[in-house]
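Student: I'd like to go over a predicted model; first the sequence, then the structure.
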Amino acid sequence: TPRYLADYRAAYFSITRVDLTFELEHQKTRVTNQMHFTRNKAHNLPLVLDGEQVTLVSVKLDGEILASTEYQVDDHSLTLAVDRDDFQLEIVTEINPADNTALEGLFKSGDAYCTQCEAEGFRRISYYLDRPDVMATFTTKVIADKRQCPHLLSNGNKIAAGNLANGKHFVQWHDPFPKPSYLFALVAGDFEVLRDQYLTMSGRDVALEIFVDKGNINKAHHAMASLKRAMAWDEQTFGLEYDLDIYMIVAVDFFNMGAMENKGLNVFNSKYVLADETSATDVDYFNVEAVIGHEYFHNWTGNRVTCRDWFQLSLKEGLTVFRDQQFSADMHSAAVTRIQNVRVLRSQQFAEDAGPMAHPIRPEKVIEMNNFYTLTVYEKGAEVIRMLHTILGKEKFRQGLDLYFSRFDGMAVTCDDFINAMADATGTDLEQFKLWYSQSGTPLLTVSEYYDEQNAQYHLTIAQSNNEQPALHIPVGIELITSEQQNDAHLLALTKAKQSWTFEGVKEKPVLALLTDFTAPVKTNFPQSDQALACIMTRADDEFCRWDAGQKLLTTYITRVMKQPQMSLPDSLYQVFESILSADTAAAFKAEQLTLPSFNELVDSIEAVNPIALLDAIETVKRSLAKQLAPLFLKQYQASAQAGYSHDGIAIGKRALKNVCLSYLVTLDNHEHLLSQQYQSANNMTDTLAALSCAAAYPSQELNTLMADFAIKWSDNTLVMDKWFALQASINNDTIFDKLSDLMAHPLFSLKNPNRARAVIAAFTQNNPRYFHCASGRGYQFLIEQLVLLNDINPQVASRLITPLIQFKSLDAKRQSMIKEQLVKLQQHDKLAKDLQEKVDAALA
Ligand code: ARG
Ligand code: ZN
């Protein structure tokens, strides 16, 4: 049954202190949970605690054992009538970490115990008021076998430790900061630890510890360096300092998502911790730094100030994604970072916002909370924060944030509280801006212009529309480009459904560069001539607009070729590409300019699209460019090769550029040898993987040899083998379905490991669209078969993987009906988890 934002009520009871004891055993872990309760206001309602998949052992009220007639238990709660206003409850439960394949609550990752409590996993550990506005100080004692689990970790500071009988030992932790249960964490196992320290701006020493599986310590240095950079960046940028004496990060191989910001004890998917020169790509390095930053930044935006209820998730996630994006932009090329943010938004978030699960960044109705850790809440949420930053400017944004922390430190608050703090601190009216929190869908800006030569006036009109919803406050950055030295830049506040601006003293018809730095998460309808786009590409000051103009030009021709496959591309397009290739721009940026808009970025904007025709069109444009400009691509490819390996920005940019060039060159018949050459000579994973993914996209005789060689080299590196599985699943020929069966039967494959499951399933659905969408429907069928299995193993992972099957609105009628047929089958599956149920029902509604 759905829950509604409108139904929020404050809790009837508070929990001020929690004292937990875990006696860790593989299949029977005992949890003793002592809670100190107080009644909020005068009422005589019973206490209702959340609890799921736990076995209740005993309940004590103020030290007295309760008879089982004194409380009621069902499969999601424990209800107890209490007549006191202040009382102690001790609840003992038993749980089974070994069989917990859903990876929520306490579970095992290999031999290690670990927890994931956000959003509602703590109730799988013990009975509790499992909601973010109930905040308590936690003390946690962990008891386990000393040999199996030399490291026993939980939140906060270590306050006691010692040996026990039977080869056991214990460690006790205390976290002085009151927190909701979703930030609780426990980890126990045998790890290697990388230790370091950080001196905060106020002069406190913080111990930094990264726990990894034995043998991986050399892969933790980049994460440690990233953590220190993040700590320094948050001090410099926002004046925010770390608050405990210790900061721990644990890397585990079994994890549903990227990472989790538990107070003082982050748990990470090992994919976002481990990296070294030979086994990690440049993208891996980037992502490790970004996720380390993200979780660290949560300590203020999420932990010190948390969410009142889960509908407010974007309060912490949108803000923290914005912060990690700014961090990445400061550590790397700001323009390239921004371009990559926008690609994610356009290729995935826009699709979500146009699909059956569309929701505002502050959802109003939720069936399964885990389904709302979405691109909308995270990425669009970050865009909303960015718009505030743009509207207020950097200094006022900082003032607003300062007020937010001084008002709400230690509290659980709402998105409105946040916006009100920003408004109050800066004296800005943000009432209309708040609508961004309650509207779903991507606004469309329709732009028209008129140049009045006589009066030297330029008139600009922008209309906004989004399913008849009220007008939003949309910041629109523009540049007017004329033959004058300086472009004329403005930040427009679009607040009406339709609005016009007049610019005076414009001596010639300007070219409009729209949405500089992508100031708002919107689509635009503003057809510009090839010449205008070419002008923006070279003359706009804003690098995002330069890049975007190129993407628009390419989009135009890809769509035309799709409708008219025989047409030839105009010389002007070749010239544009020729000048990109020969220009003296930064390599990383050039690589972005040369990258064609992806299938996913394009597919949504075409009605009744035959995906194969779209893929063919992209391919044709790519091949035509490669053919026409082969010598230039080759020259650029060779010029970007580097003697040794280094990991600075320049080297990373050159690798990106080289590998984009490679992806063009391999579309030509006589360039296959480049692949094996690059594979053989590569001294880093970026180049190796680039060669292999080109080989998978254009499979030749040699592909199997290269893949086999790679598998032998890396068979004992889990993260690299994930890459191998993903490459195999993206092989672009009709042996793919046999290949998929082989992969699922591979001794190293397991649906129980989310990374591995995604390596095959998501790689197939995302990187192999030609076969996922093949006319027989076999691709859809394959996905459904896996979802049926995953439903019983790990509903959260299943629910993420279903995405491409529910976003079918723009596909042709035949494919839509094949997909619906498959979804109906899934809908009828008995014991369908509510994660999948919610999405399938929405898709078929
Ligand atoms: N708070 C975590 C993060 O953003 C993610 C938690 C995701 N939880 C979930 N149930 N999907 O870093
Ligand atoms: Zn987060």
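Tutor: Thanks, I have the structure now. Ligands and ions are numbered 1, 2, ... in the order given.

Student: so which bits of the protein are right by ligand 1?
Tutor: Contact residues, the chain versus ligand 1 (Cβ under 6 Å from any ligand atom): Glu118, Ala119, Met257, Gly258, Ala259, Met260, Glu261, His294, Glu295, Glu317, Asn370, Tyr373. C-beta here means a position set from N, CA and C on the backbone, and glycine is covered the same way.

Student: can you get me a residue count around the nearest residue to the last one once chain neighbours are set aside?
Tutor: Read it as Tyr373. Sequence neighbours aside, Met257 is the residue nearest to Tyr373 in space, at 6.9 Å (criterion: Cβ to Cβ, 6 or more residues apart in numbering). Around Met257 there are 18 other residues, counting by other Cβ atoms under 10 Å.

Student: follow-up on the earlier one: who wins on neighbours among the residues of the chain next to ligand 1?
Tutor: Across the residues of the chain next to ligand 1, neighbour numbers were computed from other Cβ under 10 Å; His294 holds the maximum, 27 neighbours.

Student: helix, strand or coil for whichever residue of the stretch 101-250 of the chain sits closest to ligand 2?
Tutor: When scored by Cβ to the ion, the stretch 101-250 of the chain has Glu118 as its residue closest to ligand 2, at 8.8 Å. Here Glu118 is coil, with the state taken from DSSP: H, G, I helix; E, B strand; the rest coil.

Student: give me every residue that touches it.
Tutor: By Cβ atoms under 8 Å, 6 or more residues apart in numbering, Glu118 lies in contact with Tyr182, Leu183, Met260.

Student: turn those residues into JSON lines, including pLDDT and secondary structure.
Tutor: Listed next are the contacts of Glu118 as JSON lines, based on pLDDT from 0 to 100; DSSP: H, G, I helix; E, B strand; the rest coil:
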{"residue": "Tyr182", "pLDDT": "99", "secondary structure": "helix"}
{"residue": "Leu183", "pLDDT": "99", "secondary structure": "helix"}
{"residue": "Met260", "pLDDT": "99", "secondary structure": "strand"}
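
Student: isn't the residue nearest to Tyr373 right next to Phe268, touching?
Tutor: No. Checked against Cβ atoms under 8 Å, the pair Met257 and Phe268 is beyond contact range at 9.9 Å.

Student: give me the number of residues near the residue of the stretch 651-800 of the chain found nearest ligand 1?
Tutor: Nearest residue of the stretch 651-800 of the chain to ligand 1 (Cβ to the nearest ligand atom) works out as Gln796 at 6.3 Å. By other Cβ under 10 Å, the residues close to Gln796 number 22.

Student: that one belongs to a helix, doesn't it?
Tutor: Yes. Using three-state DSSP, the assignment for Gln796 is a helix.

Student: wait, it sits on Ala102?
Tutor: Yes. Between Gln796 and Ala102 there is a contact under Cβ under 8 Å: 6.7 Å.

Student: His490 contacts Leu460, doesn't it?
Tutor: No. Applying Cβ under 8 Å as the test, His490 and Leu460 come out as separate, 9.4 Å apart.

Student: so if I had to pick from the two, which one is more boxed in?
Tutor: For His490 versus Leu460, the count of surrounding residues by other Cβ under 10 Å is larger for Leu460: 22 against 13.

Student: any idea what the more buried one is bridged to?
Tutor: Leu460 has these beta-bridge partners by DSSP bridges: Glu449, Trp501.

Student: on that earlier part again, sec struct for the residue nearest to Tyr373, please.
Tutor: What three-state DSSP gives for Met257 is coil.

Student: name the secondary structure element that contains Ser14.
Tutor: strand 13-23 (DSSP states H and E).

Student: just the CA coordinates for that strand, please, in CSV.
Tutor: Output of strand 13-23 as CSV, limited to C-alpha atoms (Å, rounded to 0.1, in the frame of the first residue of the first chain):
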residue,chain,number,x,y,z
PHE,A,13,7.5,8.5,20.9
SER,A,14,11.2,9.5,20.9
ILE,A,15,14.1,7.3,21.4
THR,A,16,17.0,9.1,23.1
ARG,A,17,19.5,6.4,23.6
VAL,A,18,20.1,3.0,22.1
ASP,A,19,22.5,0.4,23.4
LEU,A,20,23.0,-2.5,21.0
THR,A,21,24.8,-5.8,21.4
PHE,A,22,25.5,-8.0,18.4
GLU,A,23,26.6,-11.6,18.9
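
Student: tell me the mean pLDDT for it?
Tutor: For strand 13-23, the mean pLDDT works out to 98.

Student: quick one: buried residues of the helix or strand following it?
Tutor: As assigned by DSSP H and E, the chain's next helix or strand after strand 13-23 is strand 29-39. Of the residues in strand 29-39, Thr29, Arg30, Val31, Thr32, Asn33, Gln34, Met35, His36, Phe37, Arg39 count as buried by neighbour count, 16 or more other Cβ atoms under 10 Å.

Student: same check, this time on stretch 435-452
Tutor: So for stretch 435-452, counting by 16+ other Cβ under 10 Å, buried means Trp436, Tyr437, Gln439, Ser440, Thr442, Pro443, Leu445, Val447, Glu449.
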